[in-house]
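Visitor: Kindly return the folded structure for what I paste below:
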Amino acid sequence: EGRLDVPFTLANVKLAADDEPDAAGQFVVRWAAEDTRYSGAATTAQGSVALYLDDNRDPGDKRLIASNLNASSGAYVWDLAATAGGVTPGTYWVYMEVTDAAGYSFGKYSSGPLVVSRTYEAPMTLTQWQGFYGLTTMGADSDGDGVTNQREFEAGTSPLVANRVELAEGSTGFFTERVAIANPENRAAIARIVVLMGQVSGETVPPPPVVQEGSVGPYGRYTLNVNGLPNASPNGQGRAVSVIVESLRGGVVAERTMAFGSGWGGHTGKALQAPSRTWFLAEGAANAFFQTFILLTATGTVAPKVTVDFLLEDGQVVSVPYDFPTAPGRLTLWANELCAPGTSGNTCVRPLAGKAFSTRITADQPITVERAMYFNRGSRLYEGGHASAAVTAPATRWFAAEGATGPNFDTYLLLANPGTADTVATVRYLTPEGPYTQTYGLRANSRLTLYVDDELGRLAGRDAHGAQIDVSAEVTAPQPIVVERAM
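Guide: Numbers count the residues shown, from 1 in each chain. Modelled structure (predicted):
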């Protein structure tokens, strides 16, 4: 009686970012099958091969990958996205079964596991895609990210969520940073995270970006611990970082939270959708109470040249040029320590000392901009702070929904006129008892600070410092301005 003996081995059964030829997840499974039945010398097996996927090394519940493959071919290009039911993140084994013409079969698991870090599933048809998103106008750009709905369909990305967002602010060391990435859709998304790191003392160049790719399940969430990344805090030093989040399939949204000290304070910021050559910030101050930082990120291949104009309350403009050291890269401007052009070291003249200001940033390459402000009270460094993204253009109408006066709150409206002509701003203070309206002159290239507690108390004829008045605001002007609210 003959004995079936079909030994084989499998090699290169793994999945890592540098092994993936494309985002669809094609991967080559290789094997060597030798048929030694009734023979003293092994010959190439003349049978068929079936490949299966298994997550627990129990052949009873394996899933078919492919069948009727020629055993002598020694390889199969496996498209994970075409696997029935899709392939979700996890650890798997490939099970191979060889069958000859007489029906003899022999099976064996791969020697090592297959680690899948993202979800692969068959792409939607156009009809399925349009039904899922409720969109049929394929030439439109429904999410305003510069990619048409047709191109979103072809790439497998969401037409309702921007494909790329950036977080200019970020730091480790004294700060603990995490980035929250959420999938708002009922289909798995694939995200790429790129972390740009600034240069620290002792380094001649910043380290290369850290890149991660992974799957975020339907209605799922992933949290990136920035401080835990390699080179994030060398020798305990804090490092400036910026983060880029890209959707390779589906769509994700991102926010950043930074805690400082031992966790006594922190702030959260939403990612910016797209870089721009112009940015505006209405708020800013450099004095004994406030420390202001302006954070700029360049993600292109050309290092930008930047001009930062600080618009003071008296209409004076402090203009300072900067060059990005690298591209991609990150630039941090500490307004309190800013030296006027042509001064430095012992001769440094600090033109912003004791000043409140708005900021206009222009660059010859697209960048993203945020501002972080911290306040000092007592002996503890940075008792509190906040961060805000810049805006790309002034507007003639602004809204601030939140605001309150009274013993527990101080509310300020910050108005910037980055234009070359004076204008008049109209502020409508919206309160539970009705609106109060006041106009204010706003000179060209200037910043105006409105202490709402004082303004509303005067307009309402009552004590807005001693009693809380909940207030929202609408701000309009005949020419474009920039408005922020601080509390």
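Visitor: for the chain, where's the lowest mean pLDDT among helices and strands?
Guide: strand 8-11 (a mean of 40; mean pLDDT, DSSP states H and E).
Visitor: Confirm for me that residue 234 is in contact with residue 200.
Guide: Yes: if you go by Cβ atoms under 8 Å, residue 234 and residue 200 touch, sitting 6.1 Å apart. (C-beta placed from N, C-alpha, C; glycine too.)
Visitor: Could you pull out the helices in this structure for me?
Guide: 126-133, 149-155, 452-460 (DSSP state H).
Visitor: my read: residue 464 touches residue 436, true?
Guide: No: at 10.6 Å, residue 464 and residue 436 do not qualify as touching, with contact defined as Cβ under 8 Å.
Visitor: which neighbours do the two share?
Guide: By Cβ atoms under 8 Å, 6 or more residues apart in numbering, residue 464 and residue 436 have these common neighbours: residue 456.
Visitor: returning to that earlier point: deepest in the core, which of the helices of the chain is it.
Guide: Stretch with highest mean neighbour count among these: helix 452-460 (a mean of 19; mean count of other Cβ atoms under 10 Å).
Visitor: Off-centre distance for that one?
Guide: 39 Å (Cα atoms, centre = their mean, to the nearest Å).
Visitor: I'd like the average pLDDT over that helix.
Guide: On average, the pLDDT along helix 452-460 is 96.
Visitor: Spatially central residue in this structure, please.
Guide: Closest to where the C-alpha atoms of the chain average out (Cα atoms, centre = their mean) is residue 245, at 3.7 Å.
Visitor: measure that one to residue 124 for me?
Guide: 23 Å (Cβ to Cβ, to the nearest Å).
Visitor: Need the nearest residue in space to the residue nearest to the centre of the chain, chain neighbours excluded.
Guide: residue 254 (4.4 Å; Cβ to Cβ, 6 or more residues apart in numbering).
Visitor: The one you found and residue 180 touch, don't they?
Guide: Yes: counting by Cβ under 8 Å, residue 180 is a contact partner of residue 254 at 6.7 Å.
Visitor: And these two? Which one has more around it.
Guide: Taking other Cβ atoms under 10 Å, residue 254 and residue 180 do not tie; residue 254 has more neighbours (24 against 15).
Visitor: Enumerate the beta-bridge partners assigned to the more buried one.
Guide: Residue 254 has these beta-bridge partners by DSSP bridges: residue 181.
Visitor: What of residue 447?
Guide: In beta-bridge terms (that is, DSSP bridges), residue 447 pairs with residue 416.
Visitor: what sits against residue 311?
Guide: Applying Cβ under 8 Å, 6+ apart, the residues near residue 311 are 317, 357, 358, 359, 360, 416, 417, 418, 445, 446, 447.
Visitor: try it again with 10 Å
Guide: Contacts for residue 311 were tallied using Cβ atoms under 10 Å, 6 or more residues apart in numbering; they are 280-282, 284, 317-319, 356-360, 416-418, 443-447, 482.
Visitor: Please apply the same query to residue 406.
Guide: Counting by Cβ under 10 Å, 6+ apart, residue 406 makes contact with 453, 463, 464, 465, 466, 467, 468, 469, 470.
Visitor: Can you tell me how far the last one is from residue 105?
Guide: So that's residue 470. 76 Å.
Visitor: before we move on, what about the fifth one?
Guide: Using Cβ to Cβ, we find residue 466 at a distance of 87 Å from residue 105.
Visitor: re the thing from before, just the buried subset of the contacts of residue 311, please.
Guide: Buried members of the contacts of residue 311, scored by 16 or more other Cβ atoms under 10 Å, are 280-282, 284, 318, 356-360, 416-418, 443, 445-447, 482.
Visitor: Sort out which of these are in strands and list them.
Guide: 280-281, 318, 356-360, 416-417, 446-447, 482 (DSSP state E).
Visitor: thinking again about what came up before, quick check: neighbours shared by residue 254 and residue 180?
Guide: In contact with both residue 254 and residue 180: 222, 224, using Cβ under 10 Å, 6+ apart.
Visitor: Which pLDDT value does the model give the closest residue in space to residue 320 that isn't next to it in sequence?
Guide: Closest residue to residue 320 apart from its sequence neighbours, by Cβ to Cβ, 6+ apart: residue 308 at 5.1 Å. If you check residue 308, the pLDDT there is 98.
Visitor: tell me, how many neighbours does residue 308 end up with?
Guide: Using other Cβ under 10 Å: residue 308 sits among 22 other residues.
Visitor: contacting residues for it?
Guide: 279, 294, 296, 318-322, 331, 333, 335, 338, 359-363, 369.
Visitor: from those residues, which would you call buried?
Guide: The neighbour count (16+ other Cβ under 10 Å) marks 279, 294, 296, 318, 320, 322, 331, 333, 335, 338, 359-361, 363, 369 as buried among the contacts of residue 308.
Visitor: remind me which residues of this structure are low pLDDT?
Guide: 1-26, 33-46 (pLDDT under 70).
Visitor: ok, 50 please
Guide: 1-23, 36-44 (pLDDT under 50).
Visitor: Pull up the overlap in contacts between residue 234 and residue 200.
Guide: Joint contacts of residue 234 and residue 200 (Cβ under 10 Å, 6+ apart) are 172, 173, 207.
Visitor: wait, which of these is closest to residue 350?
Guide: Of all those, residue 350 sits closest to residue 173, with 24.9 Å by Cβ to Cβ.
Visitor: Tell me how far the closest one lies from residue 371.
Guide: According to Cβ to Cβ, residue 173 stands 20 Å off from residue 371.
Visitor: who's more crowded, the two?
Guide: Remark: of residue 173 and residue 371, residue 371 carries more neighbours, 25 against 17, as counted by other Cβ under 10 Å.
Visitor: Wait, the more buried one touches residue 286, no?
Guide: No: between residue 371 and residue 286 there is no contact, the gap being 12.0 Å when judged by Cβ atoms under 10 Å.
Visitor: circling back: now distance to residue 160 too, for the ones in strands among the buried ones among the contacts of residue 311, in CSV please.
Guide: Converted to CSV, these look like this (distance: Cβ to Cβ, whole Å):
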residue, distance to residue 160
280, 27
281, 29
318, 42
356, 39
357, 38
358, 33
359, 32
360, 32
416, 32
417, 35
446, 39
447, 37
482, 28
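Visitor: so which two of those are the farthest from each other?
Guide: 318 and 482 (17.1 Å).
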